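Q: just need the structure, nothing else, for what follows:
(one chain, ligands or ions: 1)
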Amino acid sequence: MTPLIKIKNLAVELQQKVILSQVNLSLAKGEILGLVGPSGCGKTTLLNTLAGFIDQNAGTITINTDAKAINISVDNMLPAEQRNIGMIFQDYALFPHLSVSDNIRFGLKKLAKTVQEKRCQELLNLLELADFAHRYPHQLSGGQQQRVAIARALAPQPSLLLLDEPFSNIDARLRHELMLEIRQLLKRLNMTAIFVTHNKDEVFTFADKIAVMDSGKVLQVGTPAEVCQQPNSWQVADFLQLGSWLPVALLSNGPAPSITSLLGNLEQQLINVGNVSLLDDSRHLQVLVQANAMSLSPTTSNNVIVEHISVTEQGYHYLLRSIIQDSPLAFRQLSFNSRELFALGTELAIKITAEHLLLYQAANETRNAE
Ligand SMILES: Nc1ncnc2c1ncn2[C@@H]1O[C@H](COP(=O)(O)OP(=O)(O)OP(=O)(O)O)[C@@H](O)[C@H]1O
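A: Residues are numbered from 1 along each chain as shown. Reported below is the predicted structural model:
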């Protein structure tokens, strides 16, 4: 199926600095993509480049609608107003001197008055804003302002909607409800959307697909389940906080390599992420361990000490450090969940219960970090 938007080898430089490089993404009509990554990795720059507020230095953006295909490249830089892309900014950027209705009608000035009226009324109803049509932005709550921003962006019937941290200004209690509501609305309209977020829960609630970025590049794209189950690099696992890192060493190589750690030898099936060359690079090997994939073991001798405790809805979350600290395999922050309460400084015997383990090669700094 032809994707609604296809981004190929997109690159952007600002003030002679590479901000985006080799960005490749495609989205089918009606799909919602969440862009995540550390601060400064280029998420907003990507949205602004798609919207036409920043010029690309290489690559193509193709938008396929029923009516036509738009090709945007360095040789064919289409101005923002001809891209048929709607954008919702983090602060909503509503016009303070215009009423809710006038904000929504703002992008419709070229259309006949009757069409403007009809579309505005439809959007007021759709976003449950009819009672606020004559109010001004400062007379609305954050959630209501966000609905107006969405209505205004949808009014010109864009083929793609871009949302920069759409829920960051919404009260935490309302956020989840609003996210589900807006997602259902976009799905009903079969609207294709790309949104930026810092919030892991947000991406899992709102997105069909996620793209994890780092240093101007897209590291991994997939459904939230795919990315969580098999993060393709330690940066992805680290950014999404999918577990903690347990340093390991190679015991034997071959088709079924075996490894050891300060929690003992690990018999689990190993998935060698990125085909780490075990012989060459065995110094910085680590496995990703989820907090729920470990248990207390009566048959193992004590191997960890409780360093930090926090209370969770399911019980207690512990940070454990290895009892042995003068080893290259020592760790300081292994996450562990339990319903039992242990005091700080308690020594415990822990074993890994996961069926398989993801093996990564680490940069030095991720060792011992959660
Ligand atoms: N106009 C500009 N001129 C030069 N550099 C810029 C400009 N705008 C952004 N940058 C740089 O581009 C990089 C990416 O910025 P961007 O705002 O896209 O990141 P981000 O992932 O959205 O960050 P955050 O999550 O903090 O919002 C940063 O290093 C930033 O300093």
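
Q: do a quick rundown of the helices in this structure.
A: Assigned helices in the chain, in chain order: 43-51, 100-105, 113-126, 142-154, 172-188, 200-206, 224-229, 234-239, 278-281 (criterion: DSSP state H).

Q: possible to save those helices as JSON lines with mean neighbour count and distance to Ser258?
A: Yep, even glycine has a C-beta here, placed from its N, CA and C like the rest. Written out in JSON lines, the entries for the helices of the chain read as follows (neighbours: other C-beta atoms under 10 Å; distance: least, C-beta to C-beta, whole Å):
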{"stretch": "helix 43-51", "mean neighbour count": "22", "distance to Ser258": "40"}
{"stretch": "helix 100-105", "mean neighbour count": "23", "distance to Ser258": "63"}
{"stretch": "helix 113-126", "mean neighbour count": "15", "distance to Ser258": "59"}
{"stretch": "helix 142-154", "mean neighbour count": "22", "distance to Ser258": "53"}
{"stretch": "helix 172-188", "mean neighbour count": "15", "distance to Ser258": "44"}
{"stretch": "helix 200-206", "mean neighbour count": "19", "distance to Ser258": "33"}
{"stretch": "helix 224-229", "mean neighbour count": "16", "distance to Ser258": "23"}
{"stretch": "helix 234-239", "mean neighbour count": "22", "distance to Ser258": "21"}
{"stretch": "helix 278-281", "mean neighbour count": "12", "distance to Ser258": "11"}
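
Q: of all those helices, which lies closest to the ligand?
A: For the helices of the chain, the distance to the ligand is smallest for helix 43-51, at 3.3 Å, taking C-beta to the nearest ligand atom.

Q: tell me the bridge partners for the closest residue to Ser310 other than its chain neighbours.
A: In space, not counting the residues next to it along the chain, Ser310 is nearest to His317; the distance is 4.8 Å by C-beta to C-beta, 6 or more residues apart in numbering. According to DSSP bridges, Ser310, Asn337 are recorded as the beta-bridge partners of His317.

Q: the ligand contacts on the stretch 1-150 of the chain?
A: 14-15, 19, 37, 39-45 (C-beta under 6 Å from any ligand atom).

Q: between these, which is nearest Val115?
A: The shortest approach to Val115 among these belongs to Thr44, at 33.0 Å (C-beta to C-beta).
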